[in-house]
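>>> need a 3D model of the following:
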Amino acid sequence: MEYSEVIENWKIFAEAVRNMGGEVQVLSYDVPATEDEVKTLEVKLGFDLPLKLKEVLLGFSKKVEFRWFMPDDFEFQGELSQIFCGERHWSLDWIAQFNEDKNGWRDEVFPNKEDPYDLVWHHKLAFHEVGNGDYLAIDLSIPGQEQVVYLSHDDGEGHGVPLAKDFKEFVCSSSRLGCVGAEDWQWLPFIEKGAPFINPDCENAKKFREALKVKI
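Numbers count the residues shown, from 1 in each chain. Okay, the predicted model is just below:
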């Protein structure tokens, strides 16, 4: 998928939400990052960025914000009933702070690498602050792999669940779901039983787009 198609998907969902009486608070995307800007962030973090994250920052945008809310009197049906918003954000200027905050949770609350729950918080690069203490992050624990995973601070069902094989795939696949809300209960309906990652072509994804009258 081309980045232009990602942007077009965002715009289509934004228009659909407005047509349903919802609110689009922001839809903006900055110019790509420069090599020097990426290097500055890497120096601040103390390690190289994952390849696919770097690819998106350099080839697409160094800062993105997309946030929408459905009207209060609207409710999706069935397994989609807890969806109420969509959000996607990342920025060169925020990643270091997100990781400092994430590391605070890790060191104070989840320090035990021998505990399977705690371990999920280790060797991760947070790029999206959910706002409830949770994070979307890239798994750095396995060389050559860059899965996007969910970090829950309170036993959320999505804790440690991989959403995509890498950051670029996450950007592309989630664009076909309008960047549905980052809380795990909003995106879990799009992960089929026994399958890895969000599937933008699963039955719930089709129902979601049908409800919004989106055809992509």
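>>> check contacts around the residue nearest to D30 when sequence neighbours are not counted.
The shortest distance from D30 to any non-neighbouring residue, by C-beta to C-beta, 6 or more residues apart in numbering, is to K63 (4.0 Å). C-beta here means a position set from N, CA and C on the backbone, and glycine is covered the same way. Shown in contact with K63 (C-beta atoms under 8 Å, 6 or more residues apart in numbering): S28, Y29, D30, W90, S91, L92, D93.
>>> do D154 as well
G133, D134.
>>> i'd like the first residue to be 40 from this point on
Taking 40 as the first residue, the last one we looked at is D193.
>>> quick one: buried residues of the helix or strand that contains L66?
Assigned by DSSP states H and E, L66 belongs to strand 62-68. Judged by neighbour count using 16 or more other C-beta atoms under 10 Å, the buried positions of strand 62-68 are V63, L66, Y68.
>>> and L92, how far from G143?
Separation of L92 from G143 (C-beta to C-beta, to the nearest Å): 22 Å.
>>> more neighbours, those two?
Set side by side, L92 and G143 show more neighbours around L92, with 22 against 10, by other C-beta atoms under 10 Å.
>>> now the more buried one. Nearest residue, chain neighbours left out?
Excluding the flanking residues, the one nearest L92 by C-beta to C-beta, 6+ apart is F206, at 4.3 Å.
>>> quick one: the one you found and E185 touch, right?
Yes - taking contacts as C-beta atoms under 8 Å, F206 lies within contact range of E185: 6.4 Å.
>>> got any residues that touch both of these two?
P89, K91, L92, I177.
>>> redo these as JSON lines? Include secondary structure and pLDDT.
Shown next, in JSON lines, are the shared contacts of F206 and E185 (DSSP: H, G, I helix; E, B strand; the rest coil; pLDDT from 0 to 100):
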{"residue": "P89", "secondary structure": "coil", "pLDDT": "97"}
{"residue": "K91", "secondary structure": "helix", "pLDDT": "98"}
{"residue": "L92", "secondary structure": "helix", "pLDDT": "98"}
{"residue": "I177", "secondary structure": "strand", "pLDDT": "98"}
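>>> closest to D223 among those?
Distance to D223 across these (C-beta to C-beta) is lowest for I177, with 16.6 Å.
>>> where does the nearest residue to the closest one once chain neighbours are set aside land on pLDDT?
Take I177 and drop its neighbours on the chain: the residue closest to it by C-beta to C-beta, 6+ apart is L164, 4.6 Å away. Looking at L164, its pLDDT stands at 98.
>>> what are the buried residues along the helix or strand containing L164?
Using DSSP H and E, L164 falls within strand 163-168. Neighbour counts over strand 163-168 (16+ other C-beta under 10 Å) mark K163, L164, A165, F166, H167, E168 as buried.
>>> kindly report the same for stretch 146-160.
F149, V159, W160.
>>> same deal with stretch 217-231?
So, applying 16+ other C-beta under 10 Å, buried residues of stretch 217-231: 217-223, 225-230.
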